[in-house]
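Q: Fold the following.
(2 chains)
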Amino acid sequence: MVVRIVRNSTTPPAGRSGTMRRPFIYPHRSIRSVRITPGRIFLAAVTAILLTVLVATEQGRLVDGHNWLTRAIVELAGVPVVGVATAPLFPGLEPTPALVVSASRLDGKPFELLILFAVGMLVLFEIHRRVPLARGFVVFLMILLLVATGVVVFHPSSQFGSVEFTQIWMRGEMLVWLLLPWFSAAMFVLIHPLFGAAWALATQVYGFLWSAVRLAFSICLIHYSGILFVPLAWFALGLLADMVYLVVSYSIAVEWASRRAWGRRGK
Amino acid sequence: MILLFIAKFFLGLAIVVLTLYAIRHYVFALCRLALRRPRDFMELTGFALPRTSVLVPMHNEEAVAADILQALVECDYDRTRLEVLAIDDNSEDRTGAIIDDYAARFSIVKAIHRHEGAGGKAAALLEATRQATGEVLLLFDADYFPGPSMVKQLVAPFCDPQVGAVMGRVVPHNTDKTLLAALLGLERAAGYQVGQQARYNLGLTPQFGGTVGGVRTSALASVDGWNTDSLTEDTDLTFRLVLHGWKVAYVNRAECYEEVPESWPARETQIARWATGHTDCLHRLWPSLLRSRSLSFTEKVDALFVLACYLTAPVLILGWLASLVLFFSPQMHSVPILSIALMFVGYQIFGNQATFFELGIAALLDGMNRRVLLMPCNLFNFFASTSAISKALVRFYLGKVWGSGGPPWAKTRRFRTNGKERPFANGSHTAPKLFSQGTNGIYTYSRSGD
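A: Reported below is the predicted structural model:
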């Protein structure tokens, strides 16, 4: 955007360099409102109901597929899978298969624990030093690492393996998969009907695939470093990561809707 | 066992509080999206312009003082009904000289120099109000760029005799400088374009922000003037006016350009002051708000939500600590504990006063096609703000316990340098020039990357 302003020819008062002090006053412009028609609401409701029914009725196949993908990634990473257990989710839902891998126990190995803790902290300190805006998030991760180390040292019986972790993970993810269609409908479809419906489906598929990748990564962490980095994996890569991809999807949907509404006039 | 009970209690509290806020903000976003704005007061005809005093408090503002004064003397309001009170509030730089220069050159500018008495914006406003002769007082911070019609736009709603205060829209102009500034630009858009406008549409109380706004002199007198003890005298005044039966109007079209913090320390100072001031107002005003007969039930609830909004940060931290305790307990495996935590993760995660769907709606309405893609980065802003707000509130409550009176008023750092080169934090760059002068004496401004 370019605004042309004619210079005031008078002598600049004190405190002014003589250059135009007001760089831009662009005219107000914004859409007064976006009509939410009954058609949009109907499409949003249909999208949400269809996707929820799909997740609920195909839940058994979904968790099997999720487990297959997770196993493939874990094995690709060179972590041996000892077997597959089953873990209950919620009443009324089929249990989920859970990979069994050997978990590293650090409670009897103070030297290894110290090395892993120190390396983890050093990496976090370095990020803290270099990226000021990420400091709050890094402090959050540091606290998680401290707590996990405390649990290994002072309360080793609280440590758990890959099956328990998979159960916790899948409970959270199952809820995400069931709620996601409603979030998507309320956020995407209302602002951009047809693209929004397709985007809601794409987000659902992405959420499913991305969950398997993150779970596989966490199981590998359990195999190599025990419970030490599991809280970081759960709190940073769990629901928080779900929120991040939801927001990324939403921002893309808004960008599409905004481009359609504003065209090249958009900022 | 007790620890588990406490953990469950705090997690439950966090979920309930944040879910309520999430619902409130979604209602606002949906209403703003779907409901048309009320008619602009500027469309009314036959409105006589009242005598207006524009108050500009300044404390060490030599970098920006001339800009705001020049903008105000160029405004299109009737000069016989306008005065600009430029307040030099204990400045140690050239602010006073710049004000004197403008006062000498333009008869509508009056200089007020304060070199003693309490510091802070509220104290400066109190003194200027005593000297003001207008029926309406308009307020601008020194780092703002009011457009030529701004005074008219802000004064117009006062034709409604019930309106005691008016708030305009604040738009950051330096959003292309740093990532933080860009994120704050999104947050401001959500706060004004969605939050303030939705509250106005729904008959609730838009917040008078203490700048880019105005107050009726008689309304101010009816509530005993500015509260110099408050760190957020604007919020304090908003709710004291409402308690006395006055209405607050919001004018989305009255856009004024401000500078948002470009560095985290400046942002931290700003948000700590807001958090402390809001929470202090909550403690002083909640009994009166609940007892008020001039407010409807929804207005009371919304007012409490506004005043308590910064308490969500420590509540979120408590809920998060509680979920960390439960993560390592056997309870974890029987209760789908962290699944319900989704609700509170889902709310404030991408902003402190604006949720991510409000950011999205604001971006859509304002046509911020590309900038909206930065929204996921607000995660960092969220963590940083949550931590800063919580620290400020801990200091505030400790101050209450020990009687230290809380933190002093702190001015937000300015980043503008009036065209002079300014090194960035790492010293490796210089700020891009905002405008360039052509051979014909015409200045051209390019908003690259915006």
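Q: Mind naming the longest helix for chain B?
A: In chain B, ranked by residue count with DSSP state H as the criterion, the top helix is helix B:2-34.
Q: gap between it and the chain center?
A: Averaging C-alpha coordinates over helix B:2-34 and over its chain gives two centres that are 23 Å apart (C-alpha atoms, centre = their mean, to the nearest Å).
Q: Also stretch B:283-299?
A: From the chain centre to the centre of stretch B:283-299 is a distance of 22 Å (C-alpha atoms, centre = their mean).
Q: Run through who's touching it.
A: Surrounding stretch B:283-299, the residues in contact under the criterion C-beta atoms under 8 Å, 6 or more residues apart in numbering or on different chains are B:202-205, B:236, B:239-240, B:242-245, B:300, B:303-304, B:307. Where C-beta positions appear, they are placed from N, C-alpha and C, glycine not excepted.
Q: Now for A:Gly60: which residues touch it?
A: The contact partners of A:Gly60, taken as C-beta under 8 Å, 6+ apart, are A:Glu94.
Q: and what of B:Thr205?
A: Taking C-beta under 8 Å, 6+ apart, we find B:Thr205 in contact with B:Arg199, B:Thr238, B:Phe239, B:Val242, B:Val248, B:Glu299, B:Asp302, B:Ala303, B:Val306.
Q: What sits closest to the last one if chain neighbours are left out?
A: Spelled out, it's B:Val306. If the residues on either side of it in the chain are set aside, B:Val306 comes closest to B:Gln207, at 6.4 Å by C-beta to C-beta, 6 or more residues apart in numbering or on different chains.
Q: Chain B contacts on the stretch 51-200 of chain A?
A: The stretch 51-200 of chain A comes close to chain B at residues A:90, A:132-137, A:139-140, A:144, A:147, A:151, A:155, A:158, A:164, A:167-168, A:171-172, A:174-176, A:179, A:186-187, A:190-191, as judged by C-beta under 8 Å from any C-beta of the partner chain.
Q: Report the separation between the residue nearest the centre of chain A and chain B.
A: Nearest to the centroid of the C-alpha atoms of chain A, with distances taken as C-alpha atoms, centre = their mean, sits A:Ala241, at 1.7 Å. From A:Ala241 over to chain B the distance is 10 Å, taken as C-beta to the nearest C-beta, to the nearest Å.
Q: Now the phi/psi pair for the residue lying closest to B:Thr178 once chain neighbours are set aside, please.
A: Taking C-beta to C-beta, 6+ apart, and ignoring the residues beside it in sequence, B:Thr178 has B:Glu262 as its nearest neighbour in space, at 4.6 Å. When quoted as degrees, to the nearest 10, the phi and psi of B:Glu262 stand at phi -100, psi -10.
Q: What about B:Glu262, how many residues nearby?
A: B:Glu262 is surrounded by 25 other residues when neighbours are defined as other C-beta atoms under 10 Å in any protein chain shown.
Q: same deal with A:Ser157?
A: Taking other C-beta under 10 Å as the definition, A:Ser157 ends up with a neighbour count of 9.
Q: give me the low-pLDDT residue ranges for the chain?
A: Picking chain A for this. Counting by pLDDT under 70, chain A contains low-confidence ranges at A:1-29, A:32, A:264-267.
Q: Wait, chain B was what I had in mind.
A: Scanning chain B for pLDDT under 70 picks out the ranges B:36-39, B:43-46, B:119, B:330-353, B:404-450.
Q: longest single strand anywhere in it?
A: Here the longest strand in chain B is taken by residue count, with DSSP state E as the criterion, and it is strand B:247-258.
Q: which helices and strands does it pack with?
A: strand B:145-146, helix B:150-155, strand B:163-172, helix B:197-201, helix B:233-243 (3 or more C-beta pairs under 8 Å, 6 or more residues apart in numbering or on different chains; DSSP states H and E).
Q: As a markdown table, the ones you listed with mean neighbour count and distance to B:Asp76 would be great.
A: A markdown table is the format used below for the helices and strands packed on strand B:247-258 (neighbours: other C-beta atoms under 10 Å in any protein chain shown; distance: least, C-beta to C-beta, whole Å):
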| stretch | mean neighbour count | distance to B:Asp76 |
| --- | --- | --- |
| strand B:145-146 | 26 | 11 |
| helix B:150-155 | 25 | 7 |
| strand B:163-172 | 25 | 16 |
| helix B:197-201 | 23 | 25 |
| helix B:233-243 | 25 | 26 |
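Q: Identify whichever of these lies nearest to B:Thr80.
A: The stretch from the helices and strands packed on strand B:247-258 with the least distance to B:Thr80 (C-beta to C-beta) is helix B:150-155; that distance is 13.4 Å.
Q: Just the CA coordinates for that closest one, please, in PDB.
A: As requested, C-alpha coordinates have been extracted for helix B:150-155 and formatted as PDB (Å, rounded to 0.1, in the frame of the first residue of the first chain):
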ATOM      1  CA  MET B 150     -10.500  11.600  14.800                       C
ATOM      2  CA  VAL B 151     -11.700  14.300  17.100                       C
ATOM      3  CA  LYS B 152     -15.000  14.600  15.300                       C
ATOM      4  CA  GLN B 153     -15.500  10.800  15.300                       C
ATOM      5  CA  LEU B 154     -14.800  10.500  19.000                       C
ATOM      6  CA  VAL B 155     -17.000  13.400  20.000                       C
END
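Q: Which residues does that helix contact?
A: Contacts with helix B:150-155, where a contact means C-beta under 8 Å, 6+ apart, come from B:42, B:49-50, B:52, B:54, B:72, B:75-77, B:82, B:136, B:138, B:166, B:168, B:212-214, B:251, B:253-254, B:256.
Q: and what of stretch B:156-168?
A: Looking at stretch B:156-168 with C-beta under 8 Å, 6+ apart, the contacting residues turn out to be B:40-42, B:44, B:47, B:50, B:135-136, B:150, B:153-155, B:196, B:206-209, B:212-216, B:219-220, B:237-238, B:241, B:244-251, B:254-256.
Q: out of the helices and strands packed on strand B:247-258, nearest to B:Ala362?
A: For B:Ala362, the closest of those is helix B:197-201, at 9.4 Å, according to C-beta to C-beta.
Q: Show me what the closest one is packed against.
A: helix B:2-34, strand B:247-258.
Q: want to throw the ones you listed into JSON lines with distance to B:Pro161 and mean neighbour count?
A: Formatted as JSON lines, the helices and strands packed on helix B:197-201 follow (distance: least, C-beta to C-beta, whole Å; neighbours: other C-beta atoms under 10 Å in any protein chain shown):
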{"stretch": "helix B:2-34", "distance to B:Pro161": "27", "mean neighbour count": "18"}
{"stretch": "strand B:247-258", "distance to B:Pro161": "10", "mean neighbour count": "23"}
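Q: Please convert the ones you listed to a markdown table, extending it with distance to B:Ala128.
A: Compiled in a markdown table, the helices and strands packed on helix B:197-201 are given as follows (distance: least, C-beta to C-beta, whole Å):
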| stretch | distance to B:Ala128 |
| --- | --- |
| helix B:2-34 | 34 |
| strand B:247-258 | 19 |
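Q: looking at the ones you listed, which is closest to B:Val394?
A: With C-beta to C-beta as the measure, helix B:2-34 is the member of the helices and strands packed on helix B:197-201 nearest B:Val394 (15.9 Å).
Q: Which parts of the stretch 1-150 of chain A are strands?
A: Taking DSSP state E, counting those that start in this stretch as the criterion, the stretch 1-150 of chain A contains strands spanning A:2-6, A:81-87, A:96-101.
Q: contact partners of the second one?
A: Where contact means C-beta under 8 Å, 6+ apart, the residues beyond strand A:81-87 that reach it are A:67, A:71, A:74-75, A:95-102, A:163-164, A:166-167, A:170.
Q: Need the buried ones from those residues selected in PyMOL.
A: A single PyMOL command suffices to select whichever of those are buried according to 16 or more other C-beta atoms under 10 Å in any protein chain shown:
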select buried, chain A and resi 67+71+74+96+97+98+99+101+163+164+166+167+170
